[in-house]
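K.L.:
Fold the following.
(one chain, ligands or ions: 1)
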Amino acid sequence: MVKEFSFRTRKRDLENIENEIFDVAVIGGGITGAGITNLLAQNGLKVIMLEKSDFGSGTSQGSSKLLHGGLRYLQNGQFALVRELLKERNYLLKHMEIARMLEFRILIGKGQWKKGTIRLGLNLYSMLGGKSGIPRFHKNNKEFPPGIDGFFSYRDGWCDDSRLVMYHVVSAHENGAICLNYCEFKSSSNKDNVHELEFMDIVGDSLKKVKAKIVVNCAGPWANTVSLALGNENNHEFKMSRGVHIVLSRDKYPGKAAVVFRSSLDERQMFIIPHDEVVIVGTTDTFTENSSDFTVDEQSVRYILQSSKPVLGDLSTEDVKSSFAGIRVLMGEGNDPGKISRDFSITENDGIIHVFGGKLTNHRVAARKVAKIVSGKLSIRLQIKGKPEITYKRGNQDNPYEYDIMHECAMFPEDIMRRREGYSIYLPDGGKSREEEIKKTFRRMMDD
Ligand SMILES: Cc1cc2nc3c(=O)[nH]c(=O)nc-3n(C[C@H](O)[C@H](O)[C@H](O)COP(=O)(O)OP(=O)(O)OC[C@H]3O[C@@H](n4cnc5c(N)ncnc54)[C@H](O)[C@@H]3O)c2cc1C
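P.N.:
Predicted structure coming up:
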């Protein structure tokens, strides 16, 4: 029986927290915050997580959704990172009910890669992932336009990112954590080593307070805003880069396998990922100074269309059904965002832990590192190895929208359209055909 996790439990939780002292308060309900909250709750700690919008509504809904080691990172010599990511990929593929293996075809030919380089890279990649075998070259048998000589094929993971976040959030909720969406952290004070956090309940339009011994800042691109509100005087040094994806209808690329290709404009690595009735193409990698810059600009869309021309042929902006963007937090130096490491970094001072950067794929590694620090600070032993586990399984859904409202704490139609059911990106009509039914369900459930 799946526990209730809804607007009603949310309201009750908000009424009951003011007099409690939590062990840990996590700020940010993206994949990083969700994984950490889940791990700590699985250890019986009193944990509260505050998310200013919906769970998974930041960068964790705007990724390429790959569970992968990052073949490209081998070029930069990041072997340890690739091995760690592949280990995590394998775990998620085994334990996450919605993760799946996908065939990828990496292109060889004019403007693409050279056979020898890819053969060597794939060999190393599968070895680091615990497998061996010589990758086989397949000639282009009219699967791709002329100019593409052929491809190597390999397998990697894929999983809807914001749903992965929800699986951790609901697992954490089932393990006793209080997870509050639409609650924005605003400011804090510290008395006798206890942090008092003030936050805004955006749904109830009221300021609330909560106390915690340790605070974990998982605010992704907003990490510096949160850090300043936590009393830090200086900004942490990181760069941000925006990545855009476009969504096309399936007939624009009817193949079953995903494609890895090089942009015809600047040779960057890009992906075409088929999913049900649509194809996702991305991504871009451009520096930005604005944490909330999730807009999809026309220039990025044109760049993706031009870049994929040798594979997808002539397409126009009219062919784009929808689009989405995410902002990477990059720890490291350099003028080329593509060359800066994708690994995460964790710092701690005065009972505040900050997590920066990282990948969707290695979020559990970040959670374990944070848990080690928490264990030291609270002087308690925590079960960290192999955690956090995804214990939640989506139950019987006679009416999926009711289920999303009652068991996954959807508060607004957009929470269902985008993050619970994914209609806004996975349906060619952007989910318009489902919108009215979802709104009706909300009206009925909330008025009951
Ligand atoms: C274009 C792109 C493609 C990517 N592709 C992949 C991929 O294929 N595979 C992979 O493994 N990784 C990928 N990544 C990386 C991955 O998406 C990120 O590492 C991950 O989503 C970061 O999660 P996060 O929780 O740290 O940040 P976020 O998801 O941004 O979460 C931060 C959360 O903090 C909340 N918040 C901010 N301020 C406050 C506040 N004051 N109070 C309360 N809450 C607050 C925000 O609302 C947000 O939900 C990609 C990234 C990008 C940008």
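K.L.:
From now on I want contacts and neighbour counts done on CA atoms only, so please keep to that.
P.N.:
Noted.
K.L.:
which residues sit against stretch 375-394?
P.N.:
2, 35-36, 38-39, 42-43, 95-97, 167-168, 170-171, 174, 351, 364, 367-368, 371-372 (CA atoms under 8 Å, 6 or more residues apart in numbering).
K.L.:
Could you pick out the buried ones from those residues?
P.N.:
35-36, 38-39, 42-43, 96, 167-168, 170-171, 174, 351, 364, 367-368, 371 (16 or more other CA atoms under 10 Å).
K.L.:
For the stretch 101-250 of the chain, just list every one of the strands.
P.N.:
137-139, 148-158, 178-180, 183-191, 194-201, 206-217, 239-249 (DSSP state E, counting those that start in this stretch).
K.L.:
Can you lay out those as a markdown table showing distance to the ligand?
P.N.:
Formatted as a markdown table, the strands of the stretch 101-250 of the chain follow (distance: least, CA to the nearest ligand atom, whole Å):
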| stretch | distance to the ligand |
| --- | --- |
| strand 137-139 | 25 |
| strand 148-158 | 8 |
| strand 178-180 | 9 |
| strand 183-191 | 4 |
| strand 194-201 | 7 |
| strand 206-217 | 8 |
| strand 239-249 | 4 |
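K.L.:
Please name whichever of the ones you listed is nearest to Ser424.
P.N.:
With respect to Ser424, and counting by CA to CA, the nearest of the strands of the stretch 101-250 of the chain is strand 239-249 at 10.0 Å.
K.L.:
strand partners of whichever helix or strand comes after the closest one, parallel vs antiparallel please.
P.N.:
Proceeding N to C from strand 239-249, the next assigned helix or strand is strand 258-262, under DSSP states H and E. Strand 258-262 pairs in its sheet with strand 100-109 (parallel), strand 269-275 (antiparallel), by DSSP bridges.
K.L.:
Which SSE is immediately downstream of the shortest one?
P.N.:
Using DSSP H and E, the next helix or strand after strand 269-275 towards the C-terminus is strand 278-282.
K.L.:
helices or strands next to that next one in the packing?
P.N.:
strand 239-249, strand 269-275 (3 or more CA pairs under 8 Å, 6 or more residues apart in numbering; DSSP states H and E).
K.L.:
Which parts of it count as buried, going by neighbours?
P.N.:
So for strand 278-282, counting by 16+ other CA under 10 Å, buried means Val278, Val279, Ile280, Val281, Gly282.
K.L.:
how about these in JSON lines, adding distance to the ligand and pLDDT?
P.N.:
Shown next, in JSON lines, are the buried residues of strand 278-282 (distance: CA to the nearest ligand atom, whole Å; pLDDT from 0 to 100):
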{"residue": "Val278", "distance to the ligand": "17", "pLDDT": "97"}
{"residue": "Val279", "distance to the ligand": "15", "pLDDT": "98"}
{"residue": "Ile280", "distance to the ligand": "12", "pLDDT": "98"}
{"residue": "Val281", "distance to the ligand": "11", "pLDDT": "98"}
{"residue": "Gly282", "distance to the ligand": "8", "pLDDT": "95"}
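K.L.:
what's the farthest-apart pair in the residues you listed?
P.N.:
The span of the buried residues of strand 278-282, defined through CA to CA, is set by Val278 and Gly282 at 13.3 Å.
K.L.:
what sits against Leu81?
P.N.:
Gly69, Asp343.
K.L.:
Tell me how far it lies from Gly243.
P.N.:
Here Leu81 is placed at a distance of 21 Å from Gly243 (CA to CA, to the nearest Å).
K.L.:
next one: Trp113
P.N.:
Trp113 is 23 Å from Gly243, where distance means CA to CA.
K.L.:
And for Lys339?
P.N.:
Following CA to CA, the distance that separates Lys339 from Gly243 is 14 Å.
K.L.:
Who has more neighbours out of those two?
P.N.:
Between Lys339 and Gly243, counting by other CA atoms under 10 Å, Gly243 is the more crowded of the two (24 against 15).
K.L.:
can you pull the pLDDT of the more buried one?
P.N.:
For Gly243, the model assigns a pLDDT of 97.
K.L.:
show me the contacts for it.
P.N.:
By CA under 8 Å, 6+ apart, the neighbours of Gly243 are Gly62, Ser63, Gly282, Thr283, Thr284, Asp285, Thr286, Ala325, Gly326, Ile327, Arg328.
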